[in-house]
Each structure stands twice: as structure tokens, then as C-alpha cells.
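**Q** kindly return the folded structure for what I paste below:
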Amino acid sequence: MFSIRVELLVLVFWLTQTQSYEVTLDSFTPYSESDSSMVDYGTLRILKKSRTSLEISGNYTILRNVGREFGALMEFGSVKDKRFHPLTRNMLNFCDFYAADFSIMDAVREKSNMPPKGACPFPKGQYYIDGYEASLSHLPPLFSAGEYFLRFMISLNDKYVGGGTTIFTITR
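**A** Reported below is the predicted structural model:
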């Protein structure tokens, strides 16, 4: 019993340690087969802001209302030998995704002219994101050094119609 408690304390201590690391933004690529009747990415960009943060800024246009008939995929994973290996994958209909309690979406909405949480369908129109900063300073130490991806995709009738992939590298 004592050994298990000590091992558990050591594990908790290890997980809570702050480790120095750097995040390098390698690329942000809009989906190459995006439906041009759905989205115009305009000036939307992801840039490295500091050692552990990224910034999303720019204008984009949604060219048609996006409702429950659309799917939203959020995927995170590692990149090995130029192949994506998903670690987490979340697929919802777009309206459920837009209404969900994702803190990142709440923060993005605060820095944009996007409709309020739960608006469905998401109305077509011109939108901007004005300097949303995504901090990666709270990455747990269990993420080892390496290359990772974050993908967001929109689908209609089981076919991707828009989205993009961000690839970044963690060095410790």
C-alpha cells in the first residue's frame, strides 16, 4: 500500500512539473479541395506570436448558411514519417459543435464578429478574427518532443468541403 502511494505521488509530481519547451509553427494549410462555393479563406492566417503561443487573424467569407446537415471534425495527433496519427477525434453535426462548451471557440468568438454561441444555422457572410492568441504554455509534460497536427474540417454528405490543418513541432 505504501509503495503504491509513493508511486502515485511521484507520478502526480512528474505530471505537474513545468518543463521548458518551444512550439514552432510549421504550417497552416487550408483544405486543398475546399468547395469554393462554401468558403473564401481571404486573409485568414495563423502566425507564431511567442515561444508558446500562436495567433489567428484575418478575414474570411462563408458563402452559404451552415446548419445541421454539415459535420464538424476536430482532430489532434502526431506526425510521423509525414503521416498523421490521430490521438483524439471529435465529430459532431456543425450546430452541436458550434453550441458545445469548447473554451477555444468561446475565446475565438470574443475576438471576432462571429455569431453568438448556438447560432444555427451559421449565417453566410463576411467574418474576421482579430488577434485570437492560442497559448500552448499549459501543455502537459506527457507531450513529448515531436511533430503534431491539429485539423478542423467541415463536411457535407460525407464529403469534406472546407477546413484546414496546422502542423507544429514541440522541442524540449
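**Q** show me where the chain has its strands.
**A** 22-30, 39-40, 45-50, 53-62, 70-80, 83-93, 125-135, 146-156, 159-171 (DSSP state E).
**Q** the longest one: partners in the sheet, and parallel or antiparallel?
**A** This means strand 159-171. Strand 159-171 has the following sheet partners, assigned by DSSP bridges: strand 22-30 (antiparallel), strand 146-156 (antiparallel).
**Q** mean pLDDT, distance to residue 115 and mean neighbour count for the strands of the chain - can I get that in CSV?
**A** Bear in mind the C-beta positions are built from the backbone N, C-alpha and C, glycine included. Putting the strands of the chain into CSV (pLDDT from 0 to 100; distance: least, Cβ to Cβ, whole Å; neighbours: other Cβ atoms under 10 Å) gives the following:
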stretch, mean pLDDT, distance to residue 115, mean neighbour count
strand 22-30, 81, 22, 15
strand 39-40, 91, 16, 19
strand 45-50, 83, 22, 15
strand 53-62, 91, 10, 17
strand 70-80, 94, 15, 17
strand 83-93, 93, 16, 12
strand 125-135, 91, 9, 15
strand 146-156, 93, 16, 18
strand 159-171, 90, 17, 17
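**Q** those: which one's closest to residue 108?
**A** Across the strands of the chain, residue 108 has its closest neighbour in strand 125-135 (5.0 Å, Cβ to Cβ).
**Q** now that closest one, how far from the chain's geometric center?
**A** The chain centroid and the centroid of strand 125-135 are separated by 13 Å under Cα atoms, centre = their mean, to the nearest Å.
**Q** stretch 55-65 now?
**A** Using Cα atoms, centre = their mean, the offset of stretch 55-65 from its chain centre is 15 Å.
**Q** could you find the closest non-adjacent residue to the residue sitting nearest the centre point of the chain?
**A** Centroid-nearest residue in the chain, with Cα atoms, centre = their mean: residue 150, separated by 5.2 Å. Spatially, and ignoring its direct neighbours in sequence, residue 150 is nearest to residue 166 (4.8 Å; Cβ to Cβ, 6 or more residues apart in numbering).
**Q** for the one you found, give me its contacts.
**A** 25, 27, 28, 29, 46, 54, 149, 150, 151 (Cβ atoms under 8 Å, 6 or more residues apart in numbering).
**Q** was I right about the last one contacting residue 164?
**A** Looking back up the chat, that one is residue 151. Yes: taking Cβ atoms under 8 Å as the definition, residue 151 is a contact partner of residue 164 at 7.4 Å.
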